[in-house]
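*Asks:* Structure for the following, please:
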Amino acid sequence: MKIQLAILIAFGAALLAGCSSGGSAPATPSSTTGSTASADAKSLLVGIVFDSGGRGDKSFNDSAYAGLERAVKELGVKEKTVDSKSEKDYEPNLTAMADAGCDVIFAVGLSQSNALTAVAPKYPNIKFAIIDNFVDKPNVRSLQFDEEQGSFLAGYLAALVDKTQKLGFVGGKSIDLIKKFETGFRAGALTVNPKIEVTAKYTESWDDTALGKACATTLFNGGADIVYHAAGRCGIGVIDAAKDAGKYAIGVDSDQDDVAPGTVLTSMIKHVDESVYQTIKDVKNNAFTAGPKRYDLKDNGVGLSDFKNTKDKIGQANIDKVNKIAEDIKSGKITVPSKPEDLQKYLDSLKK
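*Replies:* Have a look, this model is predicted:
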């Protein structure tokens, strides 16, 4: 009896051991799978250092943030953002983002080039991207646009709709980048009407909306019936001035048509959002490359909004003309000047 009891106890112990072993056996791959899933699910941390205009400009900075928001939604990345009140904030903001463990960091605006040139070499394992400038570092992608092409279309459309033979342009800071917008706008308008007068004013600011409004009001009072802006948050003031005057503004960077429906003739959209999104996607897919990456009219990097609030005022015949001239630019039949000194050469070519 004792022998039988011992056998039963031994058998039971073996059975329990077997159950325990059998229960833990599948836990090993499950645990491994859990580790892999955790690694796969590790979200990229994406940092953005905004330019001094900041979010809420309904323009350049907001477009960059829209690209990040899309990446959060579609690619599952995490975000970290910081505003810059002045240029002295750029370097510490970029450094703080790097120290926070961001995988890729965007410097929004050409003014951040010096700061990024100083910071990027200190963090060789972090990817950086700068919008509207070139920084020659092995871990920096430079996102650049052919703004003059989209601005040409804005000027071309403005001249088709214009009644006074006077147009206006309000720029932010009088730098080469904004001169590209002005030059393209002039070229487009003068292609339609060589006698049209385009007057430009510069705010030398990106965020003084009152000054933007004052500049535009002066242009409207001088006879301009359409004013195009490339002035960051100052452009909100330009649109306000157009609304008050019962005339048209042309928005920039983001689709600003709904800022004042019916007052914004169209917007020259610069797809900063797309460049931000694609760069994040490249980092996620291990396809990031440093160096310049250019966006033009042909690859939808720039272009006009869809006239949803003004189509009836523009007319389909004029829209067709704009679409035709856009195809000529895409095909290379028209080379849009990007510098003021090249404008006359382009205009002379029209006479041949």
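*Asks:* Please count neighbours and contacts with C-alpha atoms only from this point.
*Replies:* Fine.
*Asks:* Run through who's touching stretch 172-181.
*Replies:* For stretch 172-181, contacts defined as C-alpha atoms under 8 Å, 6 or more residues apart in numbering pick out 132, 147-148, 151, 171, 202-206, 230-232, 234, 338-340.
*Asks:* any idea how far the residue nearest to residue 308 when sequence neighbours are not counted lies from residue 81?
*Replies:* With C-alpha to C-alpha, 6 or more residues apart in numbering as the criterion, residue 308 has its nearest non-adjacent residue at 7.8 Å, and that residue is residue 257. Distance, residue 257 to residue 81, by C-alpha to C-alpha, to the nearest Å: 26 Å.
*Asks:* Settle it for me: which of these two has more neighbours?
*Replies:* Taking neighbours as other C-alpha atoms under 10 Å, residue 257 and residue 81 compare with residue 257 leading, 25 against 15.
*Asks:* low-scoring stretches of this protein, by residue?
*Replies:* Residue ranges of the chain with pLDDT under 70: 1-42.
*Asks:* where does residue 267 land in three-state SS?
*Replies:* Assigned by DSSP: H, G, I helix; E, B strand; the rest coil, the conformation of residue 267 is strand.
*Asks:* Relative to residue 295, how far out is the residue lying closest to it once chain neighbours are set aside?
*Replies:* Closest residue to residue 267 apart from its sequence neighbours, by C-alpha to C-alpha, 6+ apart: residue 251 at 4.1 Å. Distance of residue 251 to residue 295, given as C-alpha to C-alpha: 19 Å.
*Asks:* Comparing those two, which shows the higher neighbour count?
*Replies:* residue 251 (33 against 19).
*Asks:* List the residues that contact residue 258.
*Replies:* Contacts for residue 258 were tallied using C-alpha under 8 Å, 6+ apart; they are 264, 309.
*Asks:* returning to what we had before: cross-reference the contacts of stretch 172-181 with the strands and report the matches.
*Replies:* 171, 202, 230 (DSSP state E).
*Asks:* ok, of the residues you listed, which come out buried?
*Replies:* Buried members of these, counted by 16 or more other C-alpha atoms under 10 Å: 171, 202, 230.
*Asks:* between the residues you listed, which is nearest residue 155?
*Replies:* residue 230 (12.8 Å; C-alpha to C-alpha).
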